[in-house]
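J.: The sequence isn't on hand, but the structure is:
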């Protein structure tokens, strides 16, 4: 076969702070060796995609044209993103589709005509050339929509549990817990017997998790949130937290509640308890500064958590075990509901951008690049 022509979404930042997001044509050569050509049928819009796609740009006041958006990036963000100025970058971490051409390697040829999921980046595109050895072969009968979110959220949720175990923690606190990822984490922890404290921001979100059978669901907007949080941490023994919000005081509140629980009944120490309290920030739903008020002694850590560095550290055996678990439970534990399905063109319309860029819990969008 000859070259394959398709459309993809690119985002680029200019020196003057203009962010351009647009549809661009591309010509993909025939696959060779271990390469396969995927006709992309579904790709989810994850928060990590939005960071690259728009970041903190002013999308509400952007100039929207046919297949093109031009928005202004704040000066501070332009300085922080200096390394990407002038570079047109493809978007879309993961997705799924059908293999329509393959290189001559046996691993590639074996996938011809099969439906696969992958996480190579650049998946907001009609076609994608990837290494056959990096994809996940979907179970027979599984749709591209079911497989589209088979990597980022499932492996992140499993990674939280793996991280907690490896560091000796027996229970977990999770924020923005009614998200697609949060619901997966509830199901994983139920299956694995790991106590989980879920923090949400509204009663509607709390009801989502209670319907899944979650034991500890706390609404941070309620007046009794802090005593309820301490009670839940005492009940579970949670000493590790994964926070999707980032900005504000929530991480500090969690560490404070952990310290109160750890110190209860213990002898006084001006250094605080010797129980290590760990908080990982893995998202930025709130772009404000993270405020830490040190009311929890010295036995604590706050750091960042990213999926791909974790996978590199975890090793091939652990990663393969996690991938197989996702494949085996793709339509149950790791099922992903979507609020709306949109085309590549629709993804650059004002109404759609303002909706999915709001990052509301339970409102995950799916791009269907080929219709």
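T.: Looks like it came in fine. Computed from a prediction, not measured in an experiment: that's the story for all the values here. Numbering: from 1, shown residues only.
J.: which outside residues touch the helix or strand containing residue 251?
T.: Assigned by DSSP states H and E, residue 251 falls within helix 250-263. When contacts are defined by CB atoms under 8 Å, 6 or more residues apart in numbering, helix 250-263 is touched by residues 173, 175, 199, 220, 225-226, 229-230, 233-234, 237-239, 241, 243, 272-273, 275, 277, 279, 281, 290-293, 295-297, 300, 302. From N, CA and C alone the C-beta is placed, and that goes for glycine too.
J.: Separate out the buried members of those residues.
T.: The neighbour count (16 or more other CB atoms under 10 Å) marks 173, 175, 199, 220, 225, 229-230, 233, 238-239, 241, 243, 272-273, 275, 277, 279, 281, 290, 296-297, 300, 302 as buried among these.
J.: Any regions of the stretch 1-150 of the chain where pLDDT drops low?
T.: 1 (pLDDT under 70).
J.: Now do the helices in the stretch 51-200 of the chain.
T.: Assigned by DSSP state H, counting those that start in this stretch, the stretch 51-200 of the chain shows helices spanning 75-80, 106-109, 144-147, 152-166, 180-192.
J.: for those helices, which one sits closest to residue 119?
T.: helix 152-166 (6.6 Å; CB to CB).
J.: Adding mean neighbour count, write the helices of the stretch 51-200 of the chain out as a markdown table.
T.: Output for those, formatted as a markdown table (neighbours: other CB atoms under 10 Å):
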| stretch | mean neighbour count |
| --- | --- |
| helix 75-80 | 13 |
| helix 106-109 | 16 |
| helix 144-147 | 22 |
| helix 152-166 | 22 |
| helix 180-192 | 21 |
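J.: Turn those into a markdown table, columns for distance to residue 250.
T.: Listed next are those as a markdown table, based on distance: least, CB to CB, whole Å:
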| stretch | distance to residue 250 |
| --- | --- |
| helix 75-80 | 23 |
| helix 106-109 | 45 |
| helix 144-147 | 33 |
| helix 152-166 | 17 |
| helix 180-192 | 14 |
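J.: Among those helices, which comes closest to residue 136?
T.: helix 144-147 (7.3 Å).
J.: so how far is that closest one off the chain centroid?
T.: 16 Å (CA atoms, centre = their mean, to the nearest Å).
J.: who's in contact with it?
T.: In contact with helix 144-147 (CB under 8 Å, 6+ apart) are residues 41-42, 95-98, 115-117, 136, 138, 330-331, 335-336, 338, 341, 366.
J.: if you set the cut-off to 6 Å instead, what comes out?
T.: Helix 144-147 has contacts (CB atoms under 6 Å, 6 or more residues apart in numbering) with 41-42, 96-97, 117, 138, 330-331.
J.: And the helices of the stretch 51-200 of the chain: which comes nearest residue 359?
T.: When the helices of the stretch 51-200 of the chain are ranked by proximity to residue 359 (CB to CB), helix 180-192 comes first, at 11.5 Å.
J.: and the angle from that closest one to helix 152-166?
T.: 50 degrees (axes from the mean of the first three to the mean of the last three CA atoms, to 10 degrees).
J.: Contacts only, for residue 283.
T.: Contacts of residue 283 (CB under 6 Å, 6+ apart): 47, 244, 246.
J.: again, 10 Å this time
T.: 47-48, 51, 156, 175-176, 179, 181, 242-246, 304-305, 359 (CB atoms under 10 Å, 6 or more residues apart in numbering).
J.: likewise residue 275?
T.: Contacts of residue 275 (CB under 10 Å, 6+ apart): 237, 239, 258-259, 261-263, 266, 296-297, 299-300.
J.: Could you dump those residues into a markdown table with pLDDT and distance to residue 325 added?
T.: Output for the contacts of residue 275, formatted as a markdown table (pLDDT from 0 to 100; distance: CB to CB, whole Å):
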| residue | pLDDT | distance to residue 325 |
| --- | --- | --- |
| 237 | 97 | 25 |
| 239 | 98 | 25 |
| 258 | 97 | 29 |
| 259 | 96 | 34 |
| 261 | 94 | 31 |
| 262 | 93 | 32 |
| 263 | 90 | 37 |
| 266 | 80 | 38 |
| 296 | 91 | 34 |
| 297 | 89 | 37 |
| 299 | 94 | 33 |
| 300 | 96 | 31 |
